[in-house]
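>>> give me coordinates for this.
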Amino acid sequence: MSFRNDLAADTLLQTIAALRSAWATLTPTQRDELRALLMAHGPRIAAADGLGAVSAIVELLDALWAQRAILPPAAVQALTAGQMAPLVGYRSVAMISKEKRQALLDGMIELADFRFFEDPAATADALVRLVNTHEDRLIPDERVAWRRLCQARDRGGDPEAFLRSAEALLGAYGAVRTLLSSRKTFVRPVRPILRGAEFAPVRRPVASAPPRAEWQPAYAMMESAGPGESAMPGEGLVRFANVYFPATVLVTQQDVPLVIHVAQRYSAKSALAADAAQMTLKVGDLTIVVQPEGFVVTESMGGLPAPGEAPGRIVKVEAERDCEPVVFLLTPQSAGEKRITVFIDQFGRNLLMQSFQVKVVADLSAVSDLANVKCDPVPVVSPARGAAAPPADLELRVMLSADRRRLSFMLHGGGEYHYKPAGEVELAADSPRAFLQPTLDRLSALAGRGASGRSADETESIKRELVALGNDLFDKLFSKELKEEYGKTIRTKFAGKSLLITSDEPWIPWEVVRPFAVDRDGNLLYDDPPLCEMFRLSRWLAGPGAPDQLEVKRGAWVAPAGDAPEADAENRYFQELHRRLWQVSLEGPLTRVADVQARLQARDTQILHFACHGNFDATNPDSSKVKLADGYFSPAQLDARMRAGLTAARPLVFLNACHSGEVGFGLTGLGGWAATLIGWGASTFIGSLWEINGKLAAQFAREFYDRLWGINAFEGRPQPLGQAFYEARLAIKAADEANPTWLAYVLYGDPYGQVALG
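From the prediction side, this is the model:
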């Protein structure tokens, strides 16, 4: 039997894939024999051209066929399928494309790395500098062995042999692997042959390749920049958002103009202060949409009309000129305090959701001040990745009425919705806290019971209770129109995709909401999982949009000694991360209030993780605090220097403490950790809405960071923020579905946000 030339490349691809899948099941001797074959034939396949490459592939196939007794069945099957019977008179001529050969080589080196170093001497110098910089992170045995290798190199040893030995010793460190891999080539470089007896080349076993992630972002096509675009952060254009609208209007007035002008210069007549109005945008379309409570938009002018049911206009951001002003004519419908919400989008992503209050009066004598209304905006920053930053697949924008008793909804995204109003719902309580308190109290009580303390019947009973709680929230919180859209479109078109809830309200547990529908005859049409399981759910608060990228060079973790065994487990996890993750400097554990305050003031900490106890103060959310070794720390203690540090560092903050995610209404507006940290610049906030189980909390943190950073079981495969959070949630659900800890976690951040280490 012989192998068909025209099938040779595909046959080897299938054989290598079968070997990778079954590599762990082979004995060490079998792996060594197969690795030796790949080491011998791989360089020939890489160096040959045209027919020569095909011939080299056939030679490797022949060698593998000779060893078929030790091959897994799938590999033997692939080899058999690529053969042709003799005497059939079939002769084939075949070529192999560069892309297919590269795929072959990439698959082979995962089993046996036969590449050569382009410049061993220079690479050895770079490796020495890298390792010596981080030598304190090596364990003692590694440190001793490393110094011996360096001493032998200094005595004139072969640089390539030094690199092979160093790779075998320190290859578990990602920074070492990245450096060495970037300096390798498939073809041996032409250079003088150096001889040295100090080293024997060491072949490092390579684990089988991890499975390819099944889930891909729906906006993956946007991740590659098109002609004339840059996927990297580009030059921003400084602009000012000048907004004009009277603070008080008569209920009988018609067509009151709301003017929004994005310009290069600040106008003294603007309702916004100059520093608050400043923003950074990129060249491209800018969409401005308004959602006025208690007003009807009779007409809009300027730019082009934005698609969708909500009134909006599209203007262009250009390098050398102002944007065209846009005008919305508003007619009031009733007297009272009203809220007008303005959205600014660019590249499909929401950059700003800001509401301000207006007084509509019936008596002309009450109109004593026709000056523009004063609102509290914040700077808008366009996506760091520009047009290459994918927006959430679907956004649910939630507006709270001026009296805080009514929620209004708007849907946007996915090519299906364009600023579509989706009804409103009245809250059946005097306050949001009264409305939600019984539900949160019950969930806290359920989370306090571990699996070991429950019978099988109790476990099933709790699971049914969680379903009932979720169904009840869906019935009370979703408007009629939103329920209709969910059943008609959202649950089918967007299931499994990202859902970003941008809201004026931070206290509703959207994660727990469980959609269902019953027809008029009492038949159950559907009973879906909770929103946090149905979608890759994340949140954001009204104001500037969530950043799409976070560069992490330094982090810290807070874990008071002896606080809990689970906190000690998180402490050990971060200590190991600091040892192995050389791109980031991790400091901890911080145990005292002063240590945390100093880290916040330093302006250089992009990760801050808390593993401790917390308490929520419903009467004053700004006083909700976490327990440290020498006292408590709360949002109210964030002074000007710490807030400046937050704004400069824009960190990811993870409060793995009970009640850390709760937010209520304090004396100065929204209080609590989430609102305070995001308001002062945090790029991401993670917390829990009620009491959480300590063991599950520690597991959740490990699962989340491993995926977000692409480490441990996810080596080299970092995931977007929303995906990492979603998979971590399902991991602790699998550990104990009846414990509502898996439902408690909330993520404030861009679902497609990326973390760049180092």
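
>>> list the buried residues of stretch 301-315.
302-303, 306, 308, 310-315 (16 or more other C-beta atoms under 10 Å). The way it works is simple: take the backbone N, C-alpha and C, and place the C-beta from them, glycine included.

>>> need the distance between the two termini of that stretch.
Using C-alpha to C-alpha, to the nearest Å, one end of stretch 301-315 lies 11 Å from the other.

>>> ok now it, how far from the chain's centre?
Averaging C-alpha positions (C-alpha atoms, centre = their mean, to the nearest Å) puts stretch 301-315 30 Å from its chain's average.

>>> name the residues that touch it?
With contact meaning C-beta atoms under 8 Å, 6 or more residues apart in numbering, stretch 301-315 is reached by 262, 285-291, 297, 300, 316, 323-329, 343, 410, 412, 417-421.

>>> quick one: mean pLDDT for it?
In this model, stretch 301-315 carries a mean pLDDT of 90.

>>> ok, now stretch 176-193?
When pLDDT is averaged over stretch 176-193, the result is 78.

>>> okay, the closest residue to Asp403 other than its chain neighbours and Gly107: tell me how far apart.
Excluding the flanking residues, the one nearest Asp403 by C-beta to C-beta, 6 or more residues apart in numbering is Glu337, at 7.0 Å. Noted for Glu337: a distance of 65 Å to Gly107, by C-beta to C-beta, to the nearest Å.

>>> same check, this time on Arg321
In terms of C-beta to C-beta, Arg321 sits 53 Å off from Gly107.

>>> out of the two, which sits in the busier spot?
Gly107 (18 against 10; other C-beta atoms under 10 Å).

>>> residues in contact with the more buried one?
So Gly107 contacts 13, 16-17, 20, 209 (C-beta under 8 Å, 6+ apart).

>>> buried ones in the helix or strand hosting it?
Gly107 is located in helix 98-109, with elements delineated by DSSP states H and E. Of the residues in helix 98-109, 101, 104-105, 107-109 count as buried by neighbour count, 16+ other C-beta under 10 Å.

>>> what helices or strands is the helix or strand following it leaning on?
Following helix 98-109 in sequence order, the next helix or strand is strand 116-117 (DSSP H and E). Contact analysis of strand 116-117 by 3 or more C-beta pairs under 8 Å, 6 or more residues apart in numbering; DSSP states H and E lists helix 159-170, strand 184-185 as its packing neighbours.

>>> packing partners of whichever helix or strand Asp10 is part of?
Using DSSP H and E, Asp10 maps to helix 8-22. When contacts are defined as 3+ C-beta pairs under 8 Å, 6+ apart, helix 8-22 sits against helix 51-66, helix 73-81, helix 98-109.

>>> picking up where we left off before, buried among the contacts of stretch 301-315? Make that a ChimeraX selection.
Only the buried entries of the contacts of stretch 301-315 go into this ChimeraX selection, using 16+ other C-beta under 10 Å:
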select :262,285,286,287,288,289,290,291,297,300,323,324,325,326,327,328,329,343,410,412,417,418,419,420,421
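
>>> which ones among the contacts of stretch 301-315 lie within strands?
Residues of these located in strands (DSSP state E): 262, 285-291, 297, 300, 316, 326-329, 343, 410, 412, 417-421.

>>> returning to what we had before: Thr459: which of the helices and strands packed on helix 8-22 is closest?
Nearest to Thr459 among these is helix 73-81; the distance by C-beta to C-beta comes to 40.0 Å.

>>> ok, and for the closest one, which residues are buried?
If you call a residue buried by 16+ other C-beta under 10 Å, then helix 73-81 has these buried ones: 75-76, 78-79.

>>> sorry, back to before: possible to save the buried residues of helix 98-109 as TSV with distance to His609 and pLDDT?
Conversion of the buried residues of helix 98-109 to TSV gives the following (distance: C-beta to C-beta, whole Å; pLDDT from 0 to 100):
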residue	distance to His609	pLDDT
Arg101	44	85
Leu104	42	89
Leu105	40	89
Gly107	37	90
Met108	40	91
Ile109	35	89
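
>>> which one of the residues you listed is nearest to Leu138?
Using C-beta to C-beta, the shortest approach to Leu138 within the buried residues of helix 98-109 belongs to Ile109, at 25.8 Å.

>>> how close does the residue nearest to that closest one when sequence neighbours are not counted get to Glu511?
Of all residues not flanking Ile109 in the chain, Arg115 sits nearest, at 6.3 Å (C-beta to C-beta, 6+ apart). Using C-beta to C-beta, Arg115 is found at 47 Å from Glu511.

>>> over to Arg68?
From Arg68 to Glu511 the distance is 53 Å (C-beta to C-beta).

>>> who has more neighbours, the two?
Legend: neighbour count by other C-beta under 10 Å for Arg68 and Glu511, higher for Glu511 (26 against 12).

>>> perfect, I'm done here.
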